[in-house]
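**Q** next comes the sequence, and after it the predicted model I'd like to discuss.
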Amino acid sequence: AHQVLLCFFAYQCKNMYDTIVWNDGAIFVAHHILAGLTAWLGMYPGVAGMYGLFFMGISEFSTLFLCLLANFDNDFGVVGLDEAFPTTRIILAVLFVVSFIAVRIFVWPVLTYHFLKDCYYVLKRNSERETTAVKTTLRVMMTSSVGLTLLQFIWLGEIFITAKEEISKML
């Protein structure tokens, strides 16, 4: 889990740079800060490493399709690629939407619930093993987790709006 979180933290640093250079907006800045901070804190020994495998690993599966789909954008990708390979573009778009909904809308909130429940349990038991640093780390990660979960639903709305526009262009 530690290596996944380390790679994910580096990925978020790179994405933050891209977000600033390409002026992607405040929502992406917030996402990269929350995700990067959570990955960094998750590397603290004994703090939620197993959850990191999902949130910073498996959940990124849909991002694979989104990155491939971005190549079809005439402004930021390869000009004319959408016209040369329209079926590929549609397949990638469908794979992105389906994987996003399956992983980030159905599975993500369930694991967030269990993560928060586990954190509450650890904070409530108040044993000597949970130092002030561990408690603070857990509280920050819990807040970040709720924020990142809300972002998934905001992005779902954006996906539906974009899908509606794209479908209307095809009809």
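**A** Thanks, I have the structure now.

**Q** helices and strands of the protein: which one bottoms out on pLDDT?
**A** Of all helical and strand segments in the chain, the minimum by mean pLDDT, DSSP states H and E falls on helix 49-55, at a mean of 92.

**Q** so residue 51 makes contact with residue 115?
**A** Yes: shown here, residue 51 and residue 115 form a contact pair, counting by Cβ atoms under 8 Å, at 4.9 Å. Placement of C-beta: from N, CA and C, glycine included.

**Q** what's the overlap in contacts for these two?
**A** The contact sets of residue 51 and residue 115 do not overlap (Cβ atoms under 8 Å, 6 or more residues apart in numbering).

**Q** need the next SSE after the least confident helix or strand of the chain, C-terminal direction.
**A** Toward the C-terminus, helix 49-55 is succeeded by helix 61-70 as the next helix or strand (DSSP states H and E).

**Q** in that following helix, what's buried?
**A** Across helix 61-70, burial judged by 16 or more other Cβ atoms under 10 Å covers 62-63, 65-66, 68-69.

**Q** state the mean pLDDT of it.
**A** The pLDDT scores in helix 61-70 average 96.

**Q** how about the nearest residue to residue 166, chain neighbours excluded?
**A** residue 93 (7.1 Å; Cβ to Cβ, 6 or more residues apart in numbering).

**Q** quick one: contacts for that neighbour?
**A** 65, 69, 163, 166.
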